[in-house]
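>>> Starting from these lines, generate the structure:
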Amino acid sequence: MKVLVVDDERRIANSVKQGLEQEGYAVDVAYDGEDGYNTATNDDYDIVILDVMMPGLDGLAVAEKLRADGKKMPILMLTAKDRPRDIVSGLDSGADDYLAKPFSFDVLAARIRALLRRPSDTTTNTLSVDDVVLDVAARTVTRSGVEINLSKKEFAIFEYLLRNQNRILSKHNIMTHVWDFDADILPNNVEVFINYVRAKVDKPFPGSRPLIQTVRGFGYVVKDGQ
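Down below sits the predicted model:
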């Protein structure tokens, strides 16, 4: 899952980034509304965490512009304003949830998980193909009833592949979605991690078809088996 945090309070933004990365998310940060809007429109994020009170383009305006652009990812508003009319303004601008500062990181993480569980065009709680079931909330993967132990990065890559069944994902697609913008990552690193996932998801199950297929010159794909 890839998260964008937009907050002009750098201490808060960087703290949220660090905490979410420990939870296994790939996290980018923007420190003002204009940069946040541009970043959100130029990449594929699963959720945007958006501060309301920022100089220049504030969070309400960013949310409105993203929705006007047809962006459907969940938006979680962060703000020091928690009066009912402020909450209404935030939700009316296009936000899906609202969290007042100061907040507990555990509560923030729970709100994110709840938003990502909501049905949408791209987000579901459980992903499956053949005899594989990936539970996004529990962060578990099973195949033929056998639990598979994936690292955080392996889980993120496999989840991204399952969310995009029948779509060929280039190494660049995977790099930009699974790692944050500042990560020191090369295309060859993606190939290494794909092999790690295959070694756990495909190779131990010779009675099942291999899921992760290489399309030479283009990338990788998981087909739905139909």
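>>> Contacts for the helix or strand residue 63 falls within, please.
Using DSSP states H and E, residue 63 sits within helix 59-68. Here helix 59-68 makes contact (C-beta atoms under 8 Å, 6 or more residues apart in numbering) with 6, 33, 36-37, 40-41, 48, 50-53, 73, 75, 77-79, 89-90, 93-95. Quick note: C-beta positions are derived from backbone N, CA and C, even for glycine.
>>> 10 Å instead, please
If you take C-beta atoms under 10 Å, 6 or more residues apart in numbering as the criterion, helix 59-68 is touched by 6-8, 30, 32-38, 40-41, 45, 48-54, 57-58, 71-73, 75, 77-79, 86, 89-96.
>>> Report the mean confidence score over it.
Helix 59-68 shows a mean pLDDT of 90.
>>> Now it: buried residues?
59-63, 65-66 (16 or more other C-beta atoms under 10 Å).
>>> which residues of this structure fall in strands?
Using DSSP state E, the strands of the chain run over residues 2-6, 26-30, 47-51, 75-79, 97-100, 126-129, 132-135, 140-143, 146-148, 212-215, 219-222.
>>> for this protein, what's the longest helix?
helix 187-201 (DSSP state H).
>>> buried residues in that helix?
189-190, 193-194, 196-198, 200-201.
>>> Among the contacts of helix 59-68, which lie within helices?
Reading helices off these with DSSP H, I get 33-38, 40-41, 86, 89-92.
>>> which regions of the protein sit below the pLDDT cut-off?
For the chain, the stretches flagged by pLDDT under 70 are 81-88, 90, 118-125, 181-182, 225-226.
>>> Kindly state the domain boundaries assigned to it.
What automatic domain parsing lists as the domains of the chain is 2-117, 126-222.
>>> Point out the most buried one among those domains.
domain 2-117 (a mean of 18; mean count of other C-beta atoms under 10 Å).
>>> about what we covered before: who's in contact with the longest helix of the chain?
132, 134, 141, 143, 148-151, 153-158, 161, 169-175, 178-179, 183, 185-186, 203, 208, 210-212, 214, 219-220, 222.
>>> got it, and stretch 206-216?
Here stretch 206-216 has contacts from 129-132, 143-144, 157-158, 161-162, 165, 168-170, 191, 194-195, 197-198, 201-203, 205, 219-223, 225, using C-beta under 10 Å, 6+ apart.
>>> what residues are up against the nearest residue to residue 47 once chain neighbours are set aside?
The shortest distance from residue 47 to any non-neighbouring residue, by C-beta to C-beta, 6 or more residues apart in numbering, is to residue 74 (4.7 Å). Contact analysis of residue 74 by C-beta under 10 Å, 6+ apart lists 45-49, 95-97, 111-112, 114-118, 120, 123.
>>> and which of the ones in helices among the contacts of helix 59-68 is nearest residue 26?
residue 40 (14.4 Å; C-beta to C-beta).
>>> from memory that closest one sits against residue 57, does it?
No - using C-beta atoms under 10 Å, residue 40 makes no contact with residue 57, being 11.7 Å away.
>>> and for those two, which residues touch both?
Counting by C-beta under 10 Å, 6+ apart, the residues touching both residue 40 and residue 57 are 6, 65.
>>> and the gap between residue 133 and residue 165?
14 Å (C-beta to C-beta, to the nearest Å).
>>> Which residues are in contact with each of those two?
Counting by C-beta under 10 Å, 6+ apart, the common neighbours of residue 133 and residue 165 are residue 127.
>>> Can you pull the phi/psi pair for the residue nearest to residue 47?
phi -60, psi 140 (degrees, to the nearest 10).
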